[in-house]
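Student: sequence and predicted structure below; questions after.
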Amino acid sequence: MTRHSIPFLALVAASILPGVRGSAQAVPLSALHQEIDDRTAEITDQVVSWRRDLHEHPELGNREFRTSELIADHLRSLGMEVRTGVAHTGVVGVLRGGLPGPVVALRADMDALPVTEMVDLPFASRVRTEYNGQEVGVMHACGHDNHMAILMGTAEVLAGMRERLPGTVKFIFQPAEEGAPAGEQGGADLMIQEGALENPRPDAIFGLHVMPSPTGFIGYRAGGAMASVQTLYITVKGRQTHGAMPWGGVDPIVTSAQIIMGLQTVVSRQADITKAPAVVTIGQIDGGVRSNIIPDSVVMVGTVRTLDPEMREKVQDGIRRTAEGIASSAGATADVRLTSPLPVTYNDPELTHRMVGTLERVAGPGMASEVPPITGSEDFSYYEQEVPGLFFFLGVIPDSIPLEKAASNHSPYFFADESALPIGVRALANLAVDFLAGA
Ligand SMILES: [Zn+2]
Ligand SMILES: [Zn+2]
């Protein structure tokens, strides 16, 4: 008990602060920070055991049934208002503080991947299931088990301080971040459609992802932090003819080769790469059936990654113009189709600058810094289109593993150091409290 008691002088100072209504008294921020540290230390073993349990029982996107129950039971045990079944298996908990103030949301993703775990751990996953008609292993190879355990711990820490919280904290546990199974909807987009950001609507949202950097290192970035993704389909239509007499038709294979080379200039000559990086990759090309037939058409499939919404428009236009122009010069046509973009994970610059001090304090000297953008993607981007958000990275590679040998997320060897868990809890709890207090 004494570990949570607020120093007497702090209470005296709080009681003379003006402008606070309600029965509870405002407490100096430094006392709340100390209370977060103390409460986190008390529940760290519990957070580790949640993480191990979740790791041993991974579930694929939109199938997080056991996971969802575990989370909902925990939030209910803390006396929160809990909504379940949001976007299939999502859980939303609302914690109303004892003092008036804004609303902040914290998000964790819940899904595992069709990966067979190769890490030798007592709690390694042995789960197998069917995915797209194939039998696969299931593993938390992206580390979402850590995100959930961290957010469950954060919920417990903040629930214990409820009377002293100046506002409301919303806990969003989201399924299917890696994408919904074929033919289904899911993920952040569906969570928003099903009201995860309503009643109450948050004024800001925070989330984190574990990364292969040193344990406890916190990386952040204002503006575009993770890429927008679009799949690119180009169908080049020529005219079929004999391979020995190409002048009798229009060759879509040579035209496709020119288009692939031409597309390299969209990034290297047309995009302002001082502003943000961009990637255009053709990963698949299908055309032709035998050596002496020039086929009628070729289909190419690729991926486009951008980090700036304006640049995305320019890159899209450049791809269209380049493919269509080159095709037309050959007497062929190019039909260019881009899927609607998964948005850029765009961290609100003002919010990011405001919260950097919190992240630096939590991480400790030299353990938090700005990081380069990542050309991978995150559907946290959908929440950030609705409310100002900050998505940051937490390192989970222990000193014993050289960084260049550390397995990346999605690898069957991906391994997260549990000593990063309490740092994650303190990061989210401190961000929530500092935001609510207007720090
Ligand atoms: Zn992932
Ligand atoms: Zn992930």
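Tutor: Received it, and whenever you're ready, just let me know what you need. Ligands and ions are numbered 1, 2, ... in the order given.

Student: so the most centrally placed residue in the chain: helix, strand or coil?
Tutor: In the chain, the centroid-proximal residue (CA atoms, centre = their mean) is E378; its distance is 3.7 Å. Following DSSP: H, G, I helix; E, B strand; the rest coil, E378 is assigned to coil.

Student: from A439, how far out is it?
Tutor: Distance, E378 to A439, by CB to CB, to the nearest Å: 26 Å. Any C-beta I mention is one placed from the backbone N, CA and C, and that applies to glycine too.

Student: so where do the helices sit in the chain?
Tutor: Secondary structure of the chain, counting by DSSP state H: helices at 8-15, 29-56, 65-77, 144-159, 188-193, 252-265, 309-329, 349-363, 380-386, 421-436.

Student: from the contact counts, what lies against the fifth one?
Tutor: Under the contact criterion of 3 or more CB pairs under 8 Å, 6 or more residues apart in numbering; DSSP states H and E, helix 188-193 touches strand 166-174, helix 380-386.

Student: ok, now the second one?
Tutor: For helix 29-56, the contact count by 3+ CB pairs under 8 Å, 6+ apart identifies helix 65-77, helix 144-159, helix 421-436 as packing neighbours.

Student: could you check the angle the second one makes with strand 166-174?
Tutor: Relative orientation of helix 144-159 versus strand 166-174 (axes from the mean of the first three to the mean of the last three CA atoms, to 10 degrees): 160 degrees.

Student: for helix 144-159, what is the average pLDDT?
Tutor: The pLDDT scores in helix 144-159 average 98.

Student: mind putting the helices and strands packed on helix 29-56 into CSV with distance to Q270?
Tutor: Shown next, in CSV, are the helices and strands packed on helix 29-56 (distance: least, CB to CB, whole Å):
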stretch, distance to Q270
helix 65-77, 45
helix 144-159, 37
helix 421-436, 38
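
Student: turn those helices into TSV, columns for mean neighbour count and distance to V47.
Tutor: Shown next, in TSV, are the helices and strands packed on helix 29-56 (neighbours: other CB atoms under 10 Å; distance: least, CB to CB, whole Å):
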stretch	mean neighbour count	distance to V47
helix 65-77	18	11
helix 144-159	26	4
helix 421-436	25	5
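
Student: so which of those helices gets nearest V267?
Tutor: helix 144-159 (31.4 Å; CB to CB).

Student: dump that closest one to CSV, restricted to CA.
Tutor: The C-alpha coordinates for helix 144-159 follow below in CSV (Å, rounded to 0.1, in the frame of the first residue of the first chain):
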residue,chain,number,x,y,z
HIS,A,144,1.7,-8.9,-31.3
ASP,A,145,1.7,-11.1,-28.2
ASN,A,146,4.0,-8.5,-26.6
HIS,A,147,1.7,-5.7,-27.7
MET,A,148,-1.3,-7.3,-26.0
ALA,A,149,0.5,-8.2,-22.8
ILE,A,150,1.9,-4.6,-22.6
LEU,A,151,-1.6,-3.1,-23.1
MET,A,152,-3.2,-5.5,-20.6
GLY,A,153,-0.5,-4.4,-18.1
THR,A,154,-1.1,-0.7,-19.0
ALA,A,155,-4.8,-1.2,-18.3
GLU,A,156,-4.1,-2.7,-14.9
VAL,A,157,-1.6,0.1,-14.0
LEU,A,158,-4.0,2.9,-15.0
ALA,A,159,-7.1,1.2,-13.5
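
Student: and that helix, how far from the chain's centre?
Tutor: Put simply, helix 144-159 sits 16 Å off its chain's centre (CA atoms, centre = their mean, to the nearest Å).

Student: what is the orientation angle of it with helix 29-56?
Tutor: 140 degrees.

Student: coming back round to it: nearest to I172, of the helices of the chain?
Tutor: Closest approach to I172 among the helices of the chain is made by helix 188-193 (6.8 Å; CB to CB).

Student: who's in contact with the closest one?
Tutor: Contacts with helix 188-193, where a contact means CB atoms under 8 Å, 6 or more residues apart in numbering, come from 86-88, 90, 172, 174, 176-177, 180, 197, 379-383, 386.

Student: noted, bye for now.
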